[in-house]
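attaching a predicted model along with its sequence, questions to come.
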Amino acid sequence: MRVGRSSYRAVSWHLESGGVQWVEQRLLPHRFEQVVSRNPEDVAVAIESMQVRGAPTIGATAAYGLALAWKEGKERFNEFWLPRFRATRPTAVNLFHACDVMQLYSEQNPTITQMIERAGAYADAEVMANRKIGACLAEFLAVGERRILTHCNAGWLAAVDWGTATSGIYHLAHAGENPFVWVDETRPRLQGARLTAWELNQEGIDCRIQADGAAAWMMAQGRVDAIVVGADRIAANGDVANKIGTYALSLAAKEHGVPMYVAAPSSTFDPACLKGSNIPIEEREGSELLEMDGMDRAGSIQQIRIAATGVVANNPAFDVTPFGNITAVVSELGVWQP
Ligand SMILES: CSC[C@@H](O)[C@@H](O)C(=O)COP(=O)(O)O
């Protein structure tokens with residue numbers, strides 16, 4: 001069965017059980033499974049452990065998790081749950097944006113139902129924004145042979161629905177165009193190979209996975225018409241934090257005259273962060289590089305060691321691309337060009 005973006009959301013409220021429901025992204029592409037929980041701690045762990053990931057999905061998940069936490073009363077909400085959610089991941093500003101929105105709303109002493117509705121409205125606003133971004137982005141992408149390169153997963157899994165970067169690709173496809181996508185595998189967690197390629201496949205969009213190191217070479221050969229990526233935080237000066245490898249892509253794009261677009265909803269903008277060098281960059285466990293995830297015959301995830309025992313790894317999860325290397329930043333509020 002096709003598991004398309006129009007049939008599911010990466011995270012939502014599960015009415016029947018009164019809990020948060022999310023797609024367990026670590027199991028993809030092997031297995032499509034949704035998890036439901038009524039425990040806010042499970043929701044926080046889902047963000048930390050990257051069962052849910054991608055900046056807008058992280059924000060919406062935190063909003064739903066905080067709505068669950070409201071049941072424990074205002075004091076516990078403010079003193080425990082807000083800091084707990086804010087500490088889950090440091091780079092995607094959408095997380096902090098969602099926490100601020102839920103905190104502000106809580107000051108009106110809403111009922112539990114109203115908090116759940118507020119979280120739902122937050123997620124809906126992200127979806128609307130991403131849909132709008134896609135319509136605008138599709139106009140930029142409708143050039144040349146439409147061979148589009150993307151990095152990481154900025155699809156519906158990462159953004160509740162539609163995606164940010166992929167929203168433009170989906171809009172192109174719906175308009176009857178035939179976009180082709182080069183999907184960077186995106187070491188070390190392989191969000192491109194595991195998630196983006198799966199999403200595009202489910203949508204019937206032609207794509208090919210390539211090693212991250214192949215991207216510059218494909219540009220040098222004139223086989224990339226445009227690059228489109230998402231973002232985790234955009235500083236006031238336009239510098240963009242996104243998945244590690246995005247900065248290198250921007251250097252190659254500049255060298256080879258390939259336009260590079262960044263697609264992000266306004267919740268990814270951080271006006272309080274003046275420049276890219278102020279963005280906190282998440283350092284993750286070296287094991288993500290030293291070991292490789294795979295699924296055994298029983299369907300559980302297993303780690304296979306690929307580096308020598310005793311070797312250590314350096315694992316910054318994001319990098320910062322200077323605004324000057326970007327052709328345009330596309331959000332639901334408008335387009336910014338250096
Ligand atoms: C629409 S999502 C944009 C970004 O969040 C995405 O490109 C990314 O870097 C995700 O990182 P991840 O570490 O998988 O959460």
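Received the coordinates, thanks.

what's the distance between Cys207 and Thr166?
Distance of Cys207 to Thr166, computed by CB to CB, to the nearest Å: 10 Å. All C-beta atoms are positioned from the backbone trio N, CA, C, and that covers glycine.

what residues do the two have in common as contacts?
Common neighbours of Cys207 and Thr166, using CB atoms under 8 Å, 6 or more residues apart in numbering, are Thr196, Leu200.

and Ile58, what helix or strand is that in?
With secondary structure defined by DSSP states H and E, Ile58 is part of helix 55-69.

element containing Val181?
With secondary structure defined by DSSP H and E, Val181 is part of strand 180-184.

in its sheet, what does that strand sit against?
For strand 180-184, sheet partners with direction are given as strand 147-150 (parallel), strand 206-210 (parallel), following DSSP bridges.

which elements pack onto the next helix or strand along the chain from the longest one?
By that I understand strand 206-210. Using DSSP H and E, the next helix or strand after strand 206-210 towards the C-terminus is helix 215-220. In this structure, helix 215-220 makes packing contacts with strand 147-150, strand 180-184, helix 246-256, judged by 3 or more CB pairs under 8 Å, 6 or more residues apart in numbering; DSSP states H and E.

7 Å - rerun?
Helices and strands touching helix 215-220, as assessed by 3 or more CB pairs under 7 Å, 6 or more residues apart in numbering; DSSP states H and E, comprise helix 246-256.

run the contact check for the helix it packs on versus the ligand.
No. Remark: helix 246-256 sits outside contact range of the ligand, by CB under 6 Å from any ligand atom, the gap being at least 7.6 Å.

tell me the mean pLDDT for that helix?
When pLDDT is averaged over helix 246-256, the result is 98.

buried ones in that helix?
By neighbour count with 16 or more other CB atoms under 10 Å, helix 246-256 contains the buried residues Thr246, Tyr247, Ala248, Leu249, Ser250, Ala252, Ala253, Lys254.

the closest residue to the second one other than its chain neighbours: helix or strand, and which one exactly?
The reference is to Tyr247. By the measure of CB to CB, 6 or more residues apart in numbering, the closest residue to Tyr247 outside its immediate chain neighbours is Asp319, 4.1 Å from it. When secondary structure is defined using DSSP H and E, the element that contains Asp319 is strand 318-321.

tabulate the CA atom coordinates of that strand in CSV.
Coordinates of each C-alpha in strand 318-321 appear next as CSV, following Å, rounded to 0.1, in the frame of the first residue of the first chain:
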residue,chain,number,x,y,z
PHE,A,318,24.5,20.7,11.5
ASP,A,319,26.5,23.4,9.8
VAL,A,320,25.9,27.0,8.9
THR,A,321,25.6,28.3,5.3
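
nearest to the ligand: which residue in the stretch 201-338 of the chain?
Using CB to the nearest ligand atom, the closest approach of the stretch 201-338 of the chain to the ligand is made by Gly230 at 2.6 Å.

name the residues that touch stretch 79-90?
Where contact means CB atoms under 7 Å, 6 or more residues apart in numbering, the residues beyond stretch 79-90 that reach it are 40, 44, 47-48, 58, 62, 65-66, 69, 95-96, 99, 103, 280, 282.

tell me which of these is nearest to the ligand?
So of these, ranked by how close each gets to the ligand (CB to the nearest ligand atom), first place is Ile58, at 6.5 Å.

and that closest one, what does it touch?
The neighbourhood of Ile58, defined by CB under 7 Å, 6+ apart, consists of Ile47, Val52, Arg89, Ala92, Asn94, Leu95.

most neighbours among the residues you listed, please name it.
Neighbour counts for the contacts of Ile58 (other CB atoms under 10 Å) peak at Asn94, which has 32 neighbours.
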